[in-house]
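sequence? don't have it. structure:
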């Protein structure tokens, strides 16, 4: 006779259920969405499975495979829902007609040699569909794939919880009303849509890596969520160079996290960071991912692979003075040619200043002062202030640092810029 799991204290089980659900929820929602073709309904059914676990597990004990239990429970409810829909639509279907998980003809996937048969990947592409705004894509991705609650997303981005809730509700409604298919796109459309997926993950990471607002420079939880999503995507799409390029970039960027702030949370500039605090395991993972990106590339490197190569140059230097700034400047030139952007050009100016000196770099920066996209970008006057200080023009440099501080929305960055302005000696 099979031994039944022993009941456990309710409090401990409740915590276990919630922890397991957070880990398993993306795959549960993805599997259910394939059946019901609606991510909003899929999330509701996943939540129903969670409620069932909270009711049953304290009484019956935690199953040996709790993730499979939750998935099976949610899918059975999804099948019941499909049954009711079909009976209502046809009205002639016999009661008790057998309906297996994959039997309904409308659930069959199109046959395609390039098909990637993974429910989680379908969920990624659906949550990041271009029909949604960037803010909605980020919120929905963190909710469905990151397992974050509405309040957690709101705290991470420093916006009201009601705003995030509204974005998620509207996103689900938009996907439903627009009839967005729950599928991985094929051929050229996949390549076009993949850019949206990578952009969402990159934006989430960047908000954690250099918070645009608030009093903290870093929001580690966001970086961790983005890095986890990038790793999952790399496993799901092993032949996509830019997927590995993004994973490499995030691994290498995250490797510096511990050295980027001081004891009081103040920013530590790259040249002043203790490189012994850089995470060598993440650096090795980054190099491995970059190698994969290069191995599967069919043409010239994409933007994420190029940025990862730049990050790799920093990771290879055991001291700031050993950095290969000439190669970094060259890589930024390639990146600017591939994805023209005033921000990339500003970064190229920094690399040029280190490779060739501040004067040629100042010419690049001065050419950017009229760019509308950089009008309120605090790093433009910050970089210009640094170049002017190195050229022996402290009065102009101080004005630039003061302007940069006035534009900075992050409290830690503002304090750093104000300190740099004060430290300049003006005769």
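Thanks, I have it. Here the structure is a predicted model, which is why all the values come from computation and not from measurement. Numbers count the residues shown, from 1 in each chain.

and stretch 415-427, which residues are buried?
Neighbour-count burial for stretch 415-427, with 16 or more other C-beta atoms under 10 Å as criterion, is recorded at 415, 416, 417, 418, 420, 421, 424. Quick note: C-beta positions are derived from backbone N, CA and C, even for glycine.

now the two most distant members of those residues.
Taking every pair in the buried residues of stretch 415-427 and measuring C-beta to C-beta, the maximum separation is 15.8 Å, between 415 and 424.

one step back: out of the buried residues of stretch 415-427, which comes closest to residue 17?
residue 415 (43.1 Å).

residues contacting the closest one?
Residues near residue 415 by C-beta atoms under 8 Å, 6 or more residues apart in numbering: residue 266.

please, which helix or strand holds it?
Per DSSP states H and E: residue 415 is located in helix 411-423.

tally of neighbours for residue 188?
Look at residue 188: counted by other C-beta atoms under 10 Å, it has 8 neighbours.

okay, it: pLDDT?
Residue 188 is assigned a pLDDT of 83 by the prediction.

check which helix or strand covers it.
Going by DSSP H and E, residue 188 is in helix 187-209.

buried ones in the helix or strand that that helix is followed by?
Counting by DSSP H and E, the next helix or strand C-terminal to helix 187-209 is helix 220-236. Judged by neighbour count (16+ other C-beta under 10 Å), helix 220-236 contains these buried residues: 222, 223, 225, 226, 227, 228, 229, 230, 232, 233, 234, 236.

show residues contacting helix 220-236.
Helix 220-236 has contacts (C-beta under 8 Å, 6+ apart) with 116, 118, 120-121, 124, 141-142, 145-146, 148, 152, 156, 197-198, 201-202, 204-205, 207-209, 243-244, 246-247, 250-251, 254, 257, 289, 292.

now the angle between helix 187-209 and that helix, please.
Angle, helix 220-236 to helix 187-209, by axes from the mean of the first three to the mean of the last three C-alpha atoms, to 10 degrees: 160 degrees.

state the mean pLDDT of helix 220-236.
Per-residue scores along helix 220-236 average to 86.

same check on stretch 80-89?
When pLDDT is averaged over stretch 80-89, the result is 70.

swap in stretch 267-287?
On average, stretch 267-287 scores 94.

repeat that for stretch 252-264.
91.

how long is it from one end to the other?
Stretch 252-264 has an end-to-end distance of 24 Å (criterion: C-alpha to C-alpha, to the nearest Å).

the residue nearest to the spatial centre of the chain: what's it in contact with?
By C-alpha atoms, centre = their mean, the chain has its centre lying nearest to residue 201, at 2.3 Å. Contacts of residue 201 were listed using C-beta under 8 Å, 6+ apart, and they are 141, 226, 229, 230, 233, 246, 250.

show me which of the residues you listed is closest to residue 40.
The shortest approach to residue 40 among the contacts of residue 201 belongs to residue 141, at 14.4 Å (C-beta to C-beta).

low-confidence ranges, this protein, go.
Across the chain, the ranges flagged by pLDDT under 70 are 1-13, 85-117, 156, 158, 210-219, 427.

mind redoing it with 80?
1-19, 21-23, 82-118, 146-148, 155-158, 207-222, 265, 425-427 (pLDDT under 80).

longest helix of it?
helix 10-36 (DSSP state H).

got a list of what residue 343 touches?
Counted by C-beta under 8 Å, 6+ apart, residue 343 has contacts 373, 374, 377.

put the buried members of the residues you listed into a PyMOL selection.
Selection of the buried residues among the contacts of residue 343 in PyMOL, burial being defined by 16+ other C-beta under 10 Å:
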select buried, resi 374+377
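
run the angle between the helix or strand encompassing residue 253 and helix 220-236 for me.
Assigned by DSSP H and E, residue 253 belongs to helix 241-254. Counting by the same axes, to 10 degrees, helix 241-254 lies at 150 degrees to helix 220-236.

from the contact counts, what lies against helix 241-254?
helix 187-209, helix 220-236, helix 280-296, helix 303-316 (3 or more C-beta pairs under 8 Å, 6 or more residues apart in numbering; DSSP states H and E).

got the angle between the shortest one and helix 187-209?
Pointing back at helix 303-316 there. 40 degrees.

before we move on, back to that, most tightly packed of the helices and strands packed on helix 241-254?
Ranked by mean neighbour count, those are led by helix 303-316 with a mean of 22 (mean count of other C-beta atoms under 10 Å).

orientation of the helix or strand just after it relative to helix 303-316 in degrees?
Helices and strands here follow DSSP H and E; after helix 303-316, the next one along the chain is helix 325-338. Calculated by the same axes, to 10 degrees, helix 325-338 forms an angle of 170 degrees with helix 303-316.
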